[in-house]
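**Q** from the sequence below, what's the structure:
(one chain, ligands or ions: 1)
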Amino acid sequence: MNKFIVGNWKMNGSLSFVDAFLDSIEEQNVAIAIPQVFLAYAYSRNPKFKLVAQNCSIYDKFGAHTGEISADILVGLGCQYVIIGHSERRHMFEEDNISNILKKLNNVISNNMTAILCVDERYEKLINRETLEFIKDNIHNVILAYEPLSAIGTGKTPSISEISNILNLLKQKYFSVNILYGGSVNSKNARDILSISSLDGVLVGGASLKLGEFKEIIVASKDLIA
Ligand code: PGA
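**A** Numbering: from 1, shown residues only. Predicted coordinates for the structure are as follows:
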């Protein structure tokens, strides 16, 4: 795959920021994880833009699950990707349960979307045989996002060779699955990181909230994502 840039707004943004974003970004290999409530609006503005949800329920379809949003609902809003197991969900909301992660992966894939499964150095060790088998069987619909805990929101990225070494190990363990790197990616380091040959893209948090900065990441990496 060409290299892929995914922005993650987390619990930020507004309808007018969705407008500004869609008005100024046209690249095919850029996707954005916006708060779920903005998805339908973004899809109505530009059905071609790749939309990502930041989470989904362990329950699928419909039901009496107050506050939950199913993968089935998300796909109906024009969503193509769902982030699963982001470290903020695992740490702030105690969503660390591997069997629940597997349920979410299953829901995403059975609704014909692609799952972006986040792992860090600690959580990666918890991935069990069943989840590994599931990834193997759905290798084209799962993307791994390697996000070291020390790098998320801290401004501190590991060195290129450290990232590269870990990616090589993950590629071997996870059947050459596509892998994104996430954690303090910005306009200064994006190109070097995206140039790592075994890397398939980046997941960008804070820097995706500054449109100018996010565009600089895209411009700096234009030939890599084309
Ligand atoms: P950051 O976030 O780019 O702000 O470090 C990355 C993420 O949490 O996905």
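**Q** need the three-state assignment for residue 181.
**A** strand (DSSP: H, G, I helix; E, B strand; the rest coil).
**Q** I'd guessed it sits against residue 198; true?
**A** No. Between residue 181 and residue 198 there is no contact under CB atoms under 8 Å: 10.2 Å. No exception for glycine: its C-beta is placed from N, CA and C like everyone else's.
**Q** where do the contact lists of the two overlap?
**A** Common neighbours of residue 181 and residue 198 (criterion: CB atoms under 8 Å, 6 or more residues apart in numbering): residue 167.
**Q** which of the two has more neighbours?
**A** residue 181 (28 against 14; other CB atoms under 10 Å).
**Q** let me know the pLDDT of the more buried one.
**A** On the pLDDT scale, residue 181 is placed at 98.
**Q** how close does it sit to the ligand?
**A** 10 Å (CB to the nearest ligand atom, to the nearest Å).
**Q** start at 44, not 1
**A** Right, with 44 as the first residue, what we last looked at is residue 224.
**Q** number of residues surrounding the residue in the chain that the ligand sits nearest to?
**A** Taking CB to the nearest ligand atom as the measure, the point where the chain comes nearest the ligand is residue 248, at 2.2 Å. As a burial measure, residue 248 scores 22 neighbours (other CB under 10 Å).
**Q** same question for residue 74.
**A** Neighbours of residue 74 (other CB under 10 Å): 21.
**Q** helix, strand or coil for it?
**A** Quick answer, by three-state DSSP: residue 74 is strand.
**Q** can you check the pLDDT for the residue of the chain most remote from its centre?
**A** In the chain, the residue that sits farthest from the middle, by CA atoms, centre = their mean, is residue 107; the gap is 27.8 Å. On pLDDT, residue 107 comes in at 98.
**Q** so for stretch 231-248, mean pLDDT?
**A** On average, stretch 231-248 scores 97.
**Q** and stretch 177-190, by the same measure?
**A** 97.
**Q** what's the span of it from first residue to last?
**A** 21 Å (CA to CA, to the nearest Å).
**Q** residue 67 is in contact with residue 258, isn't it?
**A** Yes. Counting by CB under 8 Å, residue 67 does reach residue 258; the two are 6.6 Å apart.
**Q** give me the more crowded residue out of these two.
**A** Taking neighbours as other CB under 10 Å, residue 67 and residue 258 compare with residue 258 leading, 16 against 12.
**Q** Provide a list of residues in contact with the more buried one.
**A** 67, 68.
**Q** is it located within a helix, as I assumed?
**A** Yes. Under three-state DSSP, residue 258 falls within a helix.
**Q** from residue 69, how far out is it?
**A** 11 Å (CB to CB, to the nearest Å).
**Q** and if you look at residue 245?
**A** 18 Å.
**Q** of those two, which one has the most company?
**A** residue 245 (25 against 11).
**Q** adjacent strands (with direction) for the strand or helix carrying that one?
**A** Element membership of residue 245 [criterion: DSSP states H and E] is strand 244-247. Here strand 244-247 has these sheet partners by DSSP bridges: strand 47-51 (parallel), strand 221-225 (parallel).
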